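Undergrad: sequence and predicted model, in that order:
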Amino acid sequence: MSRKASDNVEYTLRSLSNLMGEKKRRKQQQEEAAAAAGERSLIASAESCTSINSQSTGAGDLERAARKQFQQDVTPAFVYVVSVFSALGGFLFGYDTGVVSGAMLLLKREMNLSALWQELLVSSTVGAAALSALAGGVLNGVLGRRPCILMASLLFTAGAVILAAARDKETLLGGRVVVGLGIGIASMTVPVYIAEAAPPHLRGRLVTINTLFITGGQFSAAVVDGAFSYLARDGWRYMLGLSAVPAVLQFLGFLFLPESPRWLIQKGQTQKARRVLSQIRGNQTIDEEYDSIKNSIDEEEKEGATGGPIIYRMLIYPPTRRALIVGCGLQMFQQLAGINTVMYYSATILQMSGVDDDRLAIWLAAVTAFTNFSFTLLGVWLVEKLGRRKLTLGSLTGTTVALFVLALGFLLSAQVSPPVTFTPGDPSGPNSTCTQYSYCNKCMLDPNCGFCYKKNGSSIVDSSCIPVNTESTDRAAWGRCMNETKSKAGGSIWAYNYCPTSYSWTALLGLILYLVFFAPGMGPMPWTVNSEIYPLWARSTGNACSSGVNWICNVLISLTFLHTAEYLTYYGAFFLYAGLACVGLIFIYGCLPETKGKKLEEIESLFESRLYAVRMAMCAG
Ligand SMILES: O[C@H]1[C@H](O)[C@@H](O)[C@H](O)[C@@H](O)[C@H]1O
């Protein structure tokens with residue numbers, strides 16, 4: 001692209017930002033310095049968790065008023081443009097991880113995929129994301145944030161094209177790995193980039209927007225899956241290929257967006273860093289911010305003279321070691337609380353609750369994704385009001401209760417599981433285990449069997465356990481439920497993966513409660529907190545490790561869910577997640593400090609030994 005074209009687009013982006021912010025800024029220019037000074041002293045006074053509790057006092061009112069004034073005065077719209085273009089990486093993360101379940105329904109028929117290949121196509125992306133998130137630490141440190149985001153958008157685009165054009169399953173696998181590599185890099189770079197560009201009072205909100213985009217991507221994927229599921233052929237090509245659109249948009253946008261000023265200062269590119277800082281801070285004076293970043297880098301360089309790989313230096317230096325434990329712990333408990341299992345099995349949970357139309361279940365899964373999205377929006381609003389700590393603790397407490405309700409729902413459903421009342425002759429011979437089960441619950445837990453029944457009013461009659469069709473789980477291998485999958489008046493109903501009981505609403509209640517509580521806090525906070533708790537020299541590596549932990553735990557939970565459910569039953573699996581969430585609650589209560597409103601350069605001190613212990617005791621008290 002020519003220099004002139006690049007200048008034009010940059011000019012357009014700047015004009016867009018100016019249009020949104022300049023007028024108001026000029027009008028209130030004289031008041032800026034006073035408001036900024038007020039903000040700085042207020043931020044300094046908000047040092048400890050206890051000061052957050054003082055919001056109802058007169059000082060709290062004053063703080064709120066000054067903060068509001070400050071935000072109106074000096075937040076240039078350019079920082080929002082930067083955040084939204086970066087968060088397209090989050091959108092693609094959500095879209096590409098979410099779209100595959102709907103695409104798989106069509107793919108497995110058209111490409112005749114075995115269960116192993118289906119599993120491979122889903123988990124190869126998450127596995128590749130784990131690897132590239134870990135590698136992203138080195139890339140971020142060496143190349144900078146901007147080239148990494150550009151690289152991720154290229155990978156997203158290439159992956160989408162490969163997938164849309166694939167003629168065989170091997171090419172599909174290649175495409176899914178390429179997309180996974182993009183997801184991993186984007187997931188660790190975007191939060192860091194936004195956090196480094198944002199002003200302290202907006203940082204939490206802007207980084208949380210990235211998670212809003214992740215859940216927005218998951219919701220869009222569910223809608224696209226629903227819409228293209230009506231296409232008899234090649235619907236999956238559109239589902240998988242459409243992600244090229246936001247990927248290309250992000251690539252083009254990032255050709256004109258700047259590198260992170262903190263990375264530039266670290267690399268000694270001071271003139272460029274100053275230019276970028278003034279670009280993202282508008283007319284606000286940047287000297288103080290520049291000096292504070294520069295000083296902290298100089299200090300880090302003095303302290304970090306010990307040498308050795310960054311991860312080693314992080315581990316031997318107590319503040320960064322503590323930050324790493326907090327960051328990785330948050331990401332681990334986010335996944336161990338089972339979000340992706342709950343999302344993935346939402347259709348099953350909904351079917352359990354009496355939705356016995358497949359297509360309706362797909363659309364209701366979109367409603368689930370929308371609930372996750374809209375409650376993440378609540379998180380965007382709450383993060384600068386409640387702070388990270390309160391929001392995370394409140395969210396995980398609710399999530400734990402919801403997991404108990406979900407488990408209870410499955411338990412009650414298992415206890416009142418309908419019996420098998422009718423055992424038809426088995427054409428596949430006496431070897432089928434399915435026809436030997438006497439209750440639906442046993443039948444449901446065996447992946448090879450399904451429950452075929454009729455309804456007489458509200459009672460279940462003529463019920464049998466029959467092997468599932470090898471081509472599709474939405475019908476039986478033989479017998480009455482071989483053709484009929486839906487409930488017609490007096491017809492047979494095929495229940496795969498669930499049992500029809502009158503307690504299923506409890507699981508539905510658990511599902512709704514889960515999303516309402518998880519989405520505003522446990523969904524976004526692990527990403528947000530990780531983007532801010534490490535000093536600059538350790539930021540890339542810290543985020544690479546914690547994102548890697550997130551993806552590894554994601555694979556672990558998704559791959560083991562079915563086996564866990566087989567050994568422990570469904571309710572056992574959800575009781576296990578609830579137990580893990582309780583452990584997470586204790587961990588977060590004891591270790592997560594409040595970072596709201598602090599400059600990135602101040603946050604390291606929160607993890608210094610004596611202060612850390614005192615602060616954590618104060619927060620806990
Ligand atoms: O923060 C996100 C979000 O909560 C998503 O819904 C979930 O699928 C991801 O695994 C998680 O990292």
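TA: That came through, no problem.
Undergrad: would you mind naming what in the stretch 351-500 of the chain lies close to the ligand?
TA: Contacts of the stretch 351-500 of the chain with the ligand, taken as Cβ under 6 Å from any ligand atom, map to Asn372. Backbone N, C-alpha and C define where each C-beta goes, glycine included.
Undergrad: I'd say Gly521 and Thr397 touch.
TA: No: using Cβ atoms under 8 Å, Gly521 is not in contact with Thr397; the gap is 9.3 Å.
Undergrad: what's downstream of the helix or strand where Thr399 lies, the next helix or strand?
TA: Element membership of Thr399 [criterion: DSSP states H and E] is helix 388-415. Next along the chain after helix 388-415, taking DSSP H and E as the criterion, comes helix 440-445.
Undergrad: thinking again about what came up before, so which elements touch the helix holding Thr399?
TA: helix 358-386, helix 504-518, helix 525-532, helix 536-591 (3 or more Cβ pairs under 8 Å, 6 or more residues apart in numbering; DSSP states H and E).
Undergrad: check those for me and report the most buried one.
TA: Counting by mean count of other Cβ atoms under 10 Å, helix 525-532 has the highest mean neighbour count of those, with a mean of 28.
Undergrad: now do it and helix 388-415, the angle between them.
TA: Angle of helix 525-532 versus helix 388-415, following axes from the mean of the first three to the mean of the last three Cα atoms, to 10 degrees, is 150 degrees.
Undergrad: quick one: average pLDDT of helix 525-532?
TA: Averaging pLDDT along helix 525-532 gives 96.
Undergrad: between helix 358-386 and it, find me the angle.
TA: Angle of helix 525-532 versus helix 358-386, following the same axes, to 10 degrees, is 40 degrees.
Undergrad: which strands and helices sit next to helix 525-532?
TA: Using 3+ Cβ pairs under 8 Å, 6+ apart, helix 525-532 sits against helix 169-197, helix 200-228, helix 318-336, helix 358-386, helix 388-415, helix 536-591.
Undergrad: mind putting these into a markdown table with distance to Glu604 and mean pLDDT?
TA: Converted to a markdown table, the helices and strands packed on helix 525-532 look like this (distance: least, Cβ to Cβ, whole Å; pLDDT from 0 to 100):
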| stretch | distance to Glu604 | mean pLDDT |
| --- | --- | --- |
| helix 169-197 | 14 | 96 |
| helix 200-228 | 14 | 93 |
| helix 318-336 | 6 | 95 |
| helix 358-386 | 21 | 88 |
| helix 388-415 | 16 | 92 |
| helix 536-591 | 9 | 90 |
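Undergrad: of all the helices and strands packed on helix 388-415, which one is nearest Ala133?
TA: Evaluated over those, closeness to Ala133 peaks at helix 536-591, with 3.9 Å, by Cβ to Cβ.
Undergrad: and the next helix or strand past the closest one?
TA: Sequence order places helix 600-603 as the next helix or strand after helix 536-591, per DSSP H and E.
Undergrad: just give the closest residue to Asn441, not the sequence neighbours.
TA: Nearest residue to Asn441, sequence neighbours excluded (Cβ to Cβ, 6 or more residues apart in numbering): Ser417, at 3.7 Å.
Undergrad: list the buried residues of the host helix or strand of Leu139.
TA: Assessed by DSSP H and E, Leu139 sits inside helix 115-143. Of all the residues in helix 115-143, those buried under the rule 16 or more other Cβ atoms under 10 Å are 117-118, 120-137, 139-141.
Undergrad: next to the ligand, which bits of this structure? Give me the list.
TA: With Cβ under 6 Å from any ligand atom as the criterion, the chain meets the ligand at residues Thr211, Ile214, Thr215, Gln218, Gln334, Ile339, Asn340, Asn372, Gly523, Pro524, Asn550, Asn554.
Undergrad: and with 8 Å instead?
TA: For the chain, the contact set with the ligand under Cβ under 8 Å from any ligand atom comprises 93-94, 97-98, 187, 211, 214-215, 218, 331, 334-335, 339-340, 343, 372, 376, 518-519, 522-524, 526-527, 550, 554.
Undergrad: closest point of this protein to the ligand, which residue?
TA: Proximity of the chain to the ligand (Cβ to the nearest ligand atom) peaks at Gly523, 3.2 Å away.
Undergrad: for that residue, what is the enclosing helix or strand?
TA: Following DSSP H and E, one finds Gly523 outside all helices and strands.
Undergrad: that one: neighbour count?
TA: By other Cβ atoms under 10 Å, 27 other residues sit near Gly523.
Undergrad: again, but for Leu277
TA: For Leu277, the neighbour count with other Cβ under 10 Å is 21.
Undergrad: what's the answer for the one 3 residues further on, then?
TA: Neighbouring residues of Ile280 were enumerated by other Cβ under 10 Å; the total is 22.
Undergrad: equivalent analysis for the one 4 residues further on, please.
TA: The local packing of Gln284 (other Cβ under 10 Å) involves 20 other residues.
Undergrad: so what's it scoring on pLDDT?
TA: pLDDT recorded at Gln284 is 72.
Undergrad: dump the helices and strands packed on helix 388-415 to CSV, plus distance to Cys148.
TA: As requested, the helices and strands packed on helix 388-415 are exported to CSV (distance: least, Cβ to Cβ, whole Å):
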stretch, distance to Cys148
helix 358-386, 24
helix 504-518, 28
helix 525-532, 14
helix 536-591, 9
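Undergrad: of those, which is nearest Ala347?
TA: helix 358-386 (4.4 Å).
Undergrad: just the angle between the helix holding Leu139 and helix 169-197, please?
TA: 40 degrees.
Undergrad: any idea of the mean pLDDT in the next helix or strand after helix 115-143?
TA: Tracing the chain past helix 115-143, the next element assigned as helix or strand by DSSP H and E is helix 145-165. Averaging pLDDT along helix 145-165 yields 97.
Undergrad: elements contacting helix 145-165?
TA: Packed against helix 145-165 by the contact rule (3+ Cβ pairs under 8 Å, 6+ apart) you find helix 78-98, helix 115-143, helix 169-197, helix 235-241, helix 244-256.
Undergrad: would you turn those into CSV with distance to Arg109?
TA: Formatted as CSV, the helices and strands packed on helix 145-165 follow (distance: least, Cβ to Cβ, whole Å):
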stretch, distance to Arg109
helix 78-98, 20
helix 115-143, 11
helix 169-197, 13
helix 235-241, 10
helix 244-256, 24
